[in-house]
Each structure stands twice: as C-alpha cells, then as structure tokens.
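> take a look and give me a structure for this.
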Amino acid sequence: MDKSKRLFLKSKRSFRRRLPPIQSGDRIDYKNMSLIIRFISEQGKILSRRVNRLTLKQQRLITIAIKQARILSSLPFLNNEKQFEKSESAARTTGLKTKKR
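Model (predicted):
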C-alpha cells in the first residue's frame, strides 16, 4: 500500500462513549441538591461546560439553579471554611498583642 494512502486510513481503535451527566428524568431545579452538588467544585465554583460535558441549554439551567440555591441559602457562595478559620485565628492573635513601654 502507498504511504500517501496509508495516511488517510482511519484508526480502528474503539472508544467508550461516556454517559450523559444529566439523565432524561432528572429535573434541573434549585431544590434538587443532589444534582446541583455534582456541578460545583470543592471551592464552591460552578464547573465549566467542558468539564461537565453538558449541552449549552443544560449548563444555563444548572447555573440558574445554583444561583437560586445560593440566594435562598441552600448553598454557600464560597466553600472556604479552612481559610475562614485561619483568618479568624490570625485576627484573634493580632488583637491580643499589647505594646510594652
């Protein structure tokens, strides 16, 4: 076989098709916390569409549901409890120091 023809042959490697993250029966709603939590990072950020493998419409609906849940205090805006504890303890120690004369 020619080298020029060999370049255009498709590889016969099989691939595994990924399952969609949102099934047809799942409702995208601010009340559906088990669904919403899957699309938020550990820091509380909304994951991108590329990472989630969602369609544009699904990503928009997820984003709206997450923002509604945050406004209704079902979800925190930020998930940085460790950083909050560190800054709180640092503020306590700096407030306790007194100047010696």
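> and for stretch 67-82, what are the contacting residues?
Contact partners of stretch 67-82, identified using C-beta atoms under 8 Å, 6 or more residues apart in numbering, comprise 30-31, 33, 36, 40, 42-44, 66. Where you see a C-beta, it was placed from the backbone N, CA and C, and this is true even at glycine.
> hmm, try it at 6 Å
30, 43-44 (C-beta atoms under 6 Å, 6 or more residues apart in numbering).
> may I see the buried residues of it?
Neighbour-count burial for stretch 67-82, counted by 16 or more other C-beta atoms under 10 Å, picks out 69-70, 75.
> of those residues, the lowest pLDDT goes to which?
Among the buried residues of stretch 67-82, residue 75 has the lowest pLDDT, at 86.
> where does it land in three-state SS?
The local conformation at residue 75, judged by DSSP: H, G, I helix; E, B strand; the rest coil, is coil.
> can you count the residues close to residue 49?
Neighbours of residue 49 under the rule other C-beta atoms under 10 Å: 16.
> tell me which residues touch residue 35, please.
Contacts for residue 35 (C-beta under 6 Å, 6+ apart) come out as residue 26.
> next, it: phi, psi?
The phi/psi pair for residue 35 (degrees, to the nearest 10) reads phi -80, psi -40.
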